[in-house]
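# Need a 3D model of the following:
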Amino acid sequence: MEGALPTLVSSLSPVPVIGVPTSTGYGIGGDGLAALMGMLQSCSPGLSVVNIDNGIGAGAMAAMIARGRVSER
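Numbers count the residues shown, from 1 in each chain. Predicted structure coming up:
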């Protein structure tokens, strides 16, 4: 629930990974902030993080990756 899965997958995968934190959960990070901050601070190459519950932004990022419009930095 803390957003560790996208970080782990992107560190093991040669393809880009899109992390979408969700607002469901429990405890103090139940509104998605803990997952968002965990993904943003991961320093894992190939991980794109969108805002909490932003499926439209994730789809737009996937389309940009598919078209080859995202550059490695």
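
# Report the buried residues of stretch 59-69.
61, 65 (16 or more other Cβ atoms under 10 Å). Every C-beta, even on glycine, is put in place using the N, C-alpha and C of the backbone.

# What mean pLDDT does that stretch get?
When pLDDT is averaged over stretch 59-69, the result is 90.

# Which strands and helices lie in contact with the helix or strand harbouring residue 60?
Assigned by DSSP states H and E, residue 60 belongs to helix 55-67. Taking 3 or more Cβ pairs under 8 Å, 6 or more residues apart in numbering; DSSP states H and E as contact, the helices and strands that helix 55-67 lies on are strand 17-19.

# could you dump the helix or strand following the strand it packs on to CSV, C-alpha only?
Counting by DSSP H and E, the element after strand 17-19 in chain order, helix or strand, is helix 33-40. Taking Å, rounded to 0.1, in the frame of the first residue of the first chain, the C-alpha atoms of helix 33-40 are listed here in CSV:
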residue,chain,number,x,y,z
LEU,A,33,0.1,10.7,0.1
ALA,A,34,2.4,8.0,1.5
ALA,A,35,2.4,6.1,-1.7
LEU,A,36,2.9,9.2,-3.8
MET,A,37,5.9,10.4,-1.7
GLY,A,38,7.4,6.9,-1.7
MET,A,39,7.3,6.6,-5.5
LEU,A,40,8.6,10.1,-6.0
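
# contacts for the helix or strand following helix 33-40?
For helix 33-40, the following helix or strand on the C-terminal side (DSSP H and E) is strand 47-49. With Cβ atoms under 8 Å, 6 or more residues apart in numbering as the test, strand 47-49 has contacts from 6-7, 10, 16-19, 21, 36, 39-40, 61, 65, 70.

# Residue 53 - nearest residue in space that isn't next to it in sequence?
residue 23 (5.3 Å; Cβ to Cβ, 6 or more residues apart in numbering).

# so what pLDDT did the one you found get?
87.

# list the contacts for it?
Taking Cβ under 8 Å, 6+ apart, we find residue 23 in contact with 30-32, 52-53.

# switch the cut-off to 7 Å
31-32, 52-53 (Cβ atoms under 7 Å, 6 or more residues apart in numbering).
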